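**Q** Sequence isn't available, so here's the structure alone:
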């Protein structure tokens, strides 16, 4: 009922008070999420009188007494009592009767709303998406894409301010992105516990860099399946030396997830990729800021793994040699999750609008992501032509569909508005 009132979805027949006076809603007011009346600063006209004040909404008018409002002077400011069942009249503390109206929705609005938000399918509104105008969808998806971009750029900016440099911010962003969602938090913990400034002191020694990263990740213990190999023994020696030299502390409770993960995305191999970026000076930090197009962005991730990791995805037995450390799909993901938010954050903080524009251009030039989220929405009829659109769909899924915030989604609001107005 609050939703219907807030969004002016009241049926025309409702626009009279219980006393038969014509009622006009000039301003529905602001929804109050704290104690007190439901809507503040509303304005309504009842008959020939205009009232300004607060609005209270109840299922039954008698709930006014059940909730104790009759003894609370904060409710003397109520100018209209909106109810579904008018089973009594209510009064201010000075004896004045408060205008009251009965509000009804379409007969099946509540059941259809419940069916929508309680649906096990994603998206729950799939059957109704075709009825939403294309321009309406396009506008909503653009807002969602920027919503997601802002959140990622804010994280980069937080790295910059807490870690002290753009180079360190890129390092933390890259580390988290190499976790590819499943292990993103774990990669970030390793990066924060192993500062780039420490790694760069020994950037000329790949073994030292790998030793510190794998050691901090908790992968060099006695449970390492290849612990007796020359390579792992060398990493363990490097880690012990560097741990004491720099006072490194391994993050507690590290958990690495590999279920339903392709071998090339195993965290062991991704840590080796992070080490490869650091070895030699971590040049990608400065190079990102200077790129001019998508080809430049792709070149940033042209990395090869040599030695032990050239033929392995994890510690232990060898596999077929991989020609490249990162596939085209992985590079696309890293451009989306590293290059784009770094450029946007850098441009925002430093006032370089060309960097901001380039960040958006990159999203609009990349192919859409190929995942279950995009597949579900395209099957429901939403077109996805580029990464800008696929990022919007990921935002829609995670922050609206998964949390069942249909009331706050423009698609859900549109469909519910149509339902509420149906007689």
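**A** Done, it's in. None of the values given here were measured: they were computed from a predicted structure.
**Q** Which residues are in contact with the closest residue to residue 353 other than its chain neighbours?
**A** Nearest non-adjacent residue to residue 353, counting by Cβ to Cβ, 6 or more residues apart in numbering: residue 347, 6.4 Å away. Every C-beta, even on glycine, is put in place using the N, C-alpha and C of the backbone. Applying Cβ atoms under 8 Å, 6 or more residues apart in numbering, we find residue 347 in contact with 353-359.
**Q** same thing but 7 Å
**A** Neighbouring residues of residue 347 by Cβ atoms under 7 Å, 6 or more residues apart in numbering: 353, 355-356, 359.
**Q** which of these are buried?
**A** The neighbour-count test (16 or more other Cβ atoms under 10 Å) marks 355-356, 359 as buried among those.
**Q** Of the residues you listed, which belong to helices?
**A** Counting by DSSP state H, those place 355-356, 359 in helices.
**Q** Including pLDDT and distance to residue 132, could the residues you listed go into TSV?
**A** Output for these, formatted as TSV (pLDDT from 0 to 100; distance: Cβ to Cβ, whole Å):
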residue	pLDDT	distance to residue 132
355	97	34
356	97	30
359	98	28
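**Q** Name the nearest of these relative to residue 39.
**A** Distance ranking of those against residue 39, using Cβ to Cβ, places residue 356 first at 38.3 Å.
**Q** mind checking how far that closest one is from residue 344?
**A** For residue 356, the distance to residue 344 equals 6 Å [Cβ to Cβ, to the nearest Å].
**Q** quick one: secondary structure of the residue in the chain sticking out farthest from the centre?
**A** Here the chain reaches farthest from its C-alpha mean at residue 95, the gap being 50.5 Å by Cα atoms, centre = their mean. Three-state call for residue 95 (DSSP: H, G, I helix; E, B strand; the rest coil): coil.
**Q** need the contact list for it.
**A** Under the criterion of Cβ under 7 Å, 6+ apart, residue 95 has no neighbours.
**Q** Then residue 234?
**A** Contacts of residue 234 (Cβ under 7 Å, 6+ apart): residue 207.
**Q** Going along the chain, name the strands of the protein.
**A** Assigned by DSSP state E, the chain shows strands spanning 23-27, 30-31, 39-46, 49-60, 78-85, 100-102.
**Q** and the third one, what does it pack onto?
**A** Contact partners of strand 39-46 among helices and strands, from 3 or more Cβ pairs under 7 Å, 6 or more residues apart in numbering; DSSP states H and E: strand 23-27, strand 30-31, strand 49-60, strand 78-85.
**Q** now it: mean pLDDT?
**A** Averaging pLDDT along strand 39-46 yields 94.
**Q** How about the fifth one?
**A** For strand 78-85, mean pLDDT rounds to 94.
**Q** what does that strand contact?
**A** The contact list for strand 78-85 (Cβ under 7 Å, 6+ apart) reads 1, 5, 37, 42, 44, 51-61, 64, 90, 98-104.
**Q** What of the fourth one?
**A** Applying Cβ under 7 Å, 6+ apart, the set of residues contacting strand 49-60 from outside is 1-2, 5, 29, 37-40, 42-44, 64, 75, 77-85, 87.
**Q** In PyMOL, how would I select the buried members of those?
**A** Here is the PyMOL selection string for the buried members of the contacts of strand 49-60, based on 16+ other Cβ under 10 Å:
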select buried, resi 1+5+29+37+38+39+42+43+44+64+75+77+78+79+80+81+82+83+84
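**Q** distance of residue 139 from residue 380?
**A** On the measure of Cβ to Cβ, residue 139 and residue 380 end up 18 Å apart.
**Q** Same drill for those two, tell me which one is more crowded.
**A** A count of neighbours by other Cβ atoms under 10 Å puts residue 380 above the other of residue 139 and residue 380, at 17 against 12.
**Q** now that one: how far from residue 398?
**A** 16 Å.
**Q** Residue 214 now?
**A** Relative to residue 398, and taking Cβ to Cβ, residue 214 is found at 31 Å.
**Q** ditto for residue 306
**A** 37 Å.
**Q** swap in residue 224?
**A** Distance from residue 224 to residue 398, counting by Cβ to Cβ: 35 Å.
**Q** what's the answer for residue 267, then?
**A** Separation of residue 267 from residue 398 (Cβ to Cβ) stands at 22 Å.
**Q** what do you get for residue 130?
**A** Distance from residue 130 to residue 398, by Cβ to Cβ: 23 Å.
**Q** So the two - more neighbours on which side?
**A** Taking other Cβ under 10 Å, residue 130 and residue 398 do not tie; residue 398 has more neighbours (12 against 9).
**Q** can you tell me how far the more buried one sits from residue 363?
**A** Distance from residue 398 to residue 363, by Cβ to Cβ: 17 Å.
**Q** do residue 320 as well
**A** According to Cβ to Cβ, residue 320 and residue 363 sit 34 Å apart.
**Q** avg pLDDT for stretch 249-262?
**A** Per-residue scores along stretch 249-262 average to 89.
**Q** Just the buried residues of that stretch, please?
**A** Neighbour-count burial for stretch 249-262 flags 250, 254, 256 (criterion: 16+ other Cβ under 10 Å).
**Q** Any figure for the gap between the second one and residue 368?
**A** Distance, residue 254 to residue 368, using Cβ to Cβ: 33 Å.
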